[in-house]
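[1] what's the 3D shape of this:
(chains A and B)
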Amino acid sequence: MSFKRRLLMLLVFTLAVALTGVNGVAQGQAVKNPDTLIIQSFGDPESLDPSWAYDTASSGTFLWNVYETLIFFVGGRTDLYEPMLATEVPSVANGGISADGKTYTFKIRPGVKFHDGNVMTPEDVRYSLMRFMLVDRDGGPSWILLAAILGFDTQSTRDDNGKLLPDIWDRVNQAIQVKGNTVVITLKDPYAPFLNIMASWSMVVSKKFVVKNGGWDGAKTMVAKYNNPEKPDAQELFDKDAGTGPFKLDSWDRGTGNITLSRFTDYWRAPAKLSRIVIQKVEEFGPRRLALQNGDADIIDVSRADQPAVTGISGVRIVDDLAQLTNSPALFMNLNISAEGNPDVGSGKLDGNGVPPNFFSDIHVRRAFAYLFDRQAFIDQALRGKGRLANGPIPYGMLGYNPRGKWYEVSKDKAVAEFKEAWGGQVWNNGFKFSVLYNSGNVARQTGSQMLKETTESLNPKFKIDTRGVTWSSYLGLMNQKKLPMFFVGWAADYADPDNFTVPFMHSTGTYPGRQSYKNPEADRLIEQAGKETDAKKREALYFRVQEIAYQDVPTIYIVYPTAFVAMRAWVKGWYHNPIFFQTWNYAYRLSKGQ
Amino acid sequence: MATYIARRLLLLPLVAFGVTLLIFALLQFLTPAERAALFVTDPRQLSSIPAIIRKYGLDQPIHVQYWVWLKQLLHGDLGWSQTARMPTSQALATFFPATLELTFYMFIPIIIIGVWLGTRAAVHKDQIVDHFSRIFAISLRGLPSFVWGLIVLMVFYGGLNWFPPGRLSLEADLFVKSPEFHRFTRIMTVDALLNGQPWIFVDALRHIAGPAMTLVLVEMALLVRVTRSSMLEVLRQDYVRTARAKGLAEPVVINRHARKNALIPVVTLSSLLFVGLLGGVVLAETIFNYPGIGKWGAEAAVQLDIPGVTGFGMFIALITVFGNLAADILYATIDPRIRLQ
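    Okay, here's the model as predicted:
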């Protein structure tokens, strides 16, 4: 949506509230649909198969409402677990984790029923983990368990040419074993985030149900057939449910994008309070906002920019400043831009009409921009002041975040000094021209680009920056081709561990450094070492050092650890937040509606 | 007439071929990496872009890719639409009935009110009705449809709660999904009546009312203007004067003699309008969260959903050919002077 349109909509809504005094269903009035929770979200899931889905919408839907994991997070904590489908959280003390930190034993809860009526067995757990790893579709989540269990080098079940690794089934089969009523997982290397990963990614499916519907039977010979499916609906759980969770899937209407879940009465704990959850796909904010006002929706997705339009509606509760496991947006610089047919680097030379491909490889250029970009002003203008200044890849509050970690202050003088030093003075004398890019529709990033343009161009009349918005899919395509000179993008956690932030931001094989051509061997070594380190104090020290490198090398300008907020009807009861929840309504087991 | 229709229908595959080729050619302006990004919704999936390019053959020459697509098509497979989360052919079958239904309910008021108001304005040229219709037309078309959409939404949903967005209310939707309800046509109002559920019929109409009202307001204006000018032209003709001189009653002159002739440009416009509406009314469908073909088509285009966009384009081409054919047949019916060779 264009900025103008958004502004207009905001205006119209503010006017509507002001003029008509239409302020929604007042508190004290009857609760609409008292046993059904209605959520309006802007997106719908790609697939409901846990081994395929890797998008926010699907995990929001089925984790942990339809599928459950072996262990779960306690309340709002992301580093403390409680048993779920396992009866005990493994620890060294209770013998669940071996002394060398490689073997994890999960005692499987007896008497848990799947939605298809079958009783869960340790074999179901083993099968589910194996299936999750071996499906491994391109762009899917399988790498998380593959790398955790089979080691950092094994991020895929296929080689670089797309051929299935011949021994992959044996390795997985060897690593995950059933012993009595336990499932024993042996890691290649000790891996500190493992329990955290299990709390999010060990979704258990009914093997009998999957096999009955034509899915993989667990045999080695059949792996090739089910590996890397071409289309999501080739999978048997694409639109079906084989979970144990408090809710079961009633329907996924792909015509409207609406999903209906209903209470599972044979649940292993007390059944959920709500009898139904309806997740409706409503792309535009306007109808979502009115549905919240009218009480037709209980919780809606609202962007930070639209927050004023949901503020002050009676009967609507807003909870703000919710911690998130995100580092977004950060401003990335590309140390080796692919210049071929690239309009964003101008002439491709440092002649005042462009930049050379390795423009940002000069540390002085990167530091100049770090001094120049006013991050607090950005937070105030683009994020309504919500969020904490960032100082590195690891979010505030997580292990490894250094509250005393240094970052660049805003200083035009220092920026000028750095620019004058850069490229032996050529940058300052000749000037430059390149584009800062953002994904179109993201108003915050657009604002950031504009701010950077204005401050940079005010330093020197020869400095020119274009700002350019590109649709999300093109944006990712260009990013992967290393064509973006400077760009805004962010990261949200796969699992609540610093490993999942330092690798994508700072490890040379990680998501972003790979596209920025940034490599620091010391950072690589520290990150790999920290992943294997199980002593929290030692890990922290390693990550503090990674933060220092992030500051010194500054391939990326870290801006903000943003916070989230939720807008819901006040009659929604039992709501709580955990930063790992992809959407603020993620876990509906304890929710209910009432005055 | 029959040969004419046959000839037009024979053109159909050619048109469809041309459209799909054009879409394919246009998509070549995007690099394989950009097209692969459709399957990549998050930066964390960037590393699989080369594998996706290989998997879907996105780096193959255009004629190879087109041939693969064509072969699929001959097997009745239009490919997987990533944005619809279903095969493209199924997406067309799912979204089109909703849009057809919406179009039907807006087209009738547009034509009836538009022609009526246009006629009144012409007959009472420079009188109050005429001024009113002119101001009406200019102001309605002057504002973009999404502004009207928002206003209608706000007043009739936010304020009065008469016309909610979406396709059905929660209770109706649950009932429609239950085994008690049979989907015969996928056109909700018709299915509701066939199932003997008038409350579903009313519920569906309430949901259609919002987008329909928005578009009736916007699209009618043009029809009013065209009818008016065409009527004025006709009213000046000799035969109208003759009819009046014969002493025929004024309503007979206007309705029987003049209007029938004035309708020819109106028919052209209406058929274009009808086809345009069928092709999807993106903004109205989006604002009212109405699950129609336009909303899907737009989403598919933005997200570079190639099978989706190609299937959608082909379908629109089909509708356009049929729409024009219908208009041609209508001409001949209204005006015997136009005879098809």
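[2] In a helix, residue A:130, correct?
    Yes: applying DSSP: H, G, I helix; E, B strand; the rest coil, one finds residue A:130 inside a helix.
[3] any weak-confidence spans in the chain?
    Unless you meant another one, I'm taking chain A. When the per-residue scores of chain A are filtered using pLDDT under 70, the ranges that remain are A:1-29.
[4] The intended chain is chain B.
    Residues of chain B meeting the criterion pLDDT under 70: B:280, B:336, B:338-341.
[5] in it, what residue is nearest chain A?
    Proximity to chain A, evaluated over chain B using CB to the nearest CB, is greatest for residue B:34 at 3.3 Å. Where C-beta positions appear, they are placed from N, C-alpha and C, glycine not excepted.
[6] what's the burial count for that residue?
    Residue B:34 has 23 neighbouring residues, counting by other CB atoms under 10 Å in any protein chain shown.
[7] State whether it and residue A:477 are indeed in contact, as I suppose.
    Yes: the pair residue B:34 and residue A:477 qualifies as a contact (CB atoms under 8 Å) at a distance of 3.3 Å.
[8] Can you tell me the closest non-neighbouring residue to the spatially most central residue of chain A?
    Centroid-nearest residue in chain A: residue A:492, 3.0 Å away (criterion: CA atoms, centre = their mean). The spatially closest residue to residue A:492, leaving aside those adjacent along the chain, is residue A:326, at 4.5 Å (CB to CB, 6 or more residues apart in numbering or on different chains).
[9] how about the one you found, phi and psi?
    Phi and psi for residue A:326, reported as degrees, to the nearest 10, are phi -140, psi 160.
[10] Quick one: list the elements packing against the lengthiest helix in chain B.
    What stands out as the longest helix in chain B, according to DSSP state H, is helix B:198-235. The elements that helix B:198-235 packs onto, with contact taken as 3 or more CB pairs under 8 Å, 6 or more residues apart in numbering or on different chains; DSSP states H and E, are helix B:88-123, helix B:128-142, helix B:145-153, helix B:170-177, helix B:188-194, helix B:259-278, helix B:282-287.
[11] what about that helix, distance to the chain center?
    13 Å (CA atoms, centre = their mean, to the nearest Å).
[12] Now do the buried residues in that helix.
    Residues of helix B:198-235 classed as buried under the neighbour-count rule (16 or more other CB atoms under 10 Å in any protein chain shown) are B:200-201, B:203-228, B:230-232, B:234-235.
[13] do the same with stretch A:69-82
    If you call a residue buried by 16+ other CB under 10 Å, then stretch A:69-82 has these buried ones: A:69, A:70, A:71, A:72, A:73, A:78, A:81.
[14] What of stretch A:569-581?
    So for stretch A:569-581, counting by 16+ other CB under 10 Å, buried means A:569, A:571, A:572, A:575, A:577, A:578, A:579, A:580, A:581.
[15] Report how many residues lie close to the residue in the stretch 1-150 of chain A positioned nearest to chain B.
    Evaluated by CB to the nearest CB, the stretch 1-150 of chain A has residue A:139 as its residue closest to chain B, separated by 3.8 Å. The number of residues packed around residue A:139, counting by other CB under 10 Å, is 23.
[16] residue contacts, it?
    Contacts for residue A:139 (CB atoms under 8 Å, 6 or more residues apart in numbering or on different chains) come out as A:54, B:39, B:40, B:45, B:48, B:51, B:52.
[17] 6 Å - rerun?
    For residue A:139, the contacting residues are B:39, B:40, B:45, B:48, by CB atoms under 6 Å, 6 or more residues apart in numbering or on different chains.
[18] Give me the subset of those lying in helices.
    Reading helices off those, I find no matches (DSSP H).
[19] Tell me which of those fall in strands.
    Within those, no residue falls in strands by DSSP state E.
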